[in-house]
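Student: Mind looking at a prediction? Sequence and model below.
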Amino acid sequence: MTAPADVLIVGGGPAGHATAIELARRDRRVTLVDRGLPGAGPPVLVTPRAIAATRRLGVDPVSYTHLRAHETIHAI
């Protein structure tokens, strides 16, 4: 059984992921929910500005699989 979340984020797009990452870094327990399957959405055009912002978060802009390994983010 997992601990209750401090924060529930609805929407697993770029903004939801970025918010989950930042909150987890601030020691919040995060649950991220999305109606779709991971990677099943339409292709997304990522601008150079978005890539730079993603890298500032310490995230590989090509893959978000690292979220599963982060113990304070629970994606359902």
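Tutor: Arrived safely, thanks for sending.

Student: now for the host helix or strand of L23, which elements pack on it?
Tutor: In the assignment (DSSP states H and E), L23 maps to helix 14-25. When contacts are defined as 3 or more Cβ pairs under 8 Å, 6 or more residues apart in numbering; DSSP states H and E, helix 14-25 sits against strand 7-10, strand 30-33, helix 48-56, helix 66-69, strand 73-75. In short, each C-beta sits where N, CA and C put it, glycine included.

Student: I'd like to know which elements the third one is packed against.
Tutor: What that stands for is helix 48-56. Using 3+ Cβ pairs under 8 Å, 6+ apart: helix 48-56 touches helix 14-25.

Student: Go ahead and produce PDB holding the CA coordinates of the helix it packs on.
Tutor: Output of helix 14-25 as PDB, limited to C-alpha atoms (Å, rounded to 0.1, in the frame of the first residue of the first chain):
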ATOM      1  CA  PRO A  14       4.400  18.200 -20.300                       C
ATOM      2  CA  ALA A  15       3.000  20.600 -17.700                       C
ATOM      3  CA  GLY A  16       1.800  17.800 -15.500                       C
ATOM      4  CA  HIS A  17       5.100  16.000 -15.600                       C
ATOM      5  CA  ALA A  18       7.100  19.200 -14.900                       C
ATOM      6  CA  THR A  19       4.900  20.000 -12.000                       C
ATOM      7  CA  ALA A  20       5.200  16.500 -10.600                       C
ATOM      8  CA  ILE A  21       9.000  16.600 -10.900                       C
ATOM      9  CA  GLU A  22       9.300  19.900  -9.200                       C
ATOM     10  CA  LEU A  23       7.000  19.000  -6.300                       C
ATOM     11  CA  ALA A  24       8.700  15.700  -5.800                       C
ATOM     12  CA  ARG A  25      12.000  17.500  -5.500                       C
END
